[in-house]
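Trainee: Here's a sequence, model it:
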Amino acid sequence: MAKKESLTEKKVEELKEMLAKNREELREIRFAAAGARTKDTSAYRNTRKQVARILTELGARKRA
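Mentor: This is a model prediction of the structure:
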């Protein structure tokens, strides 16, 4: 089982990079789903959750 990476230890620049990468992945999954069935049906949900986690961490840092 892979170790869950901690977002609190990452720098703001790294979080923004991860956010952009995850949003691009989300877009690719969404358009791929329109064409054919996906192999990993939970990929869309997991990517959305990861985007939410990153945005939550960025928002918490902005408030602090």
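Trainee: which non-adjacent residue is nearest L26?
Mentor: Once flanking residues are discounted, L26 sits nearest to T47: 4.8 Å by Cβ to Cβ, 6 or more residues apart in numbering. In short, each C-beta sits where N, CA and C put it, glycine included.
Trainee: Quick check: that neighbour touching E25?
Mentor: Yes. Counting by Cβ atoms under 8 Å, E25 is a contact partner of T47 at 5.5 Å.
Trainee: Can you pick out the residue with more neighbours from those two?
Mentor: T47 (20 against 15; other Cβ atoms under 10 Å).
Trainee: residue contacts, that one?
Mentor: Neighbouring residues of T47 by Cβ atoms under 8 Å, 6 or more residues apart in numbering: N22, E25, L26, I29.
Trainee: Which ones among those lie within helices?
Mentor: Taking DSSP state H as the definition of helices, these contribute N22, E25, L26, I29.
Trainee: Just the buried residues of those.
Mentor: Neighbour-count burial (16 or more other Cβ atoms under 10 Å) is assigned, among those, to N22, L26, I29.
Trainee: which one among those gets closest to G59?
Mentor: Among those, N22 lies closest to G59 (Cβ to Cβ), at 15.8 Å.
Trainee: In contact with the closest one, which residues?
Mentor: N22 sits next to T47, Q50, V51, I54 when contact means Cβ under 8 Å, 6+ apart.
Trainee: ok, back up a step: and of the ones in helices among the contacts of T47, the nearest to A43?
Mentor: The shortest approach to A43 among the ones in helices among the contacts of T47 belongs to I29, at 5.6 Å (Cβ to Cβ).
Trainee: what helix or strand is the residue nearest to that closest one when sequence neighbours are not counted on?
Mentor: Nearest non-adjacent residue to I29, counting by Cβ to Cβ, 6+ apart: Y44, 5.0 Å away. Per DSSP states H and E, Y44 falls inside helix 43-63.
Trainee: quick one: average pLDDT of stretch 19-37?
Mentor: In this model, stretch 19-37 has an average pLDDT of 87.
Trainee: Let the chain start at 715 from now.
Mentor: Sure, I'll start numbering at 715, so the last one becomes stretch 733-751.
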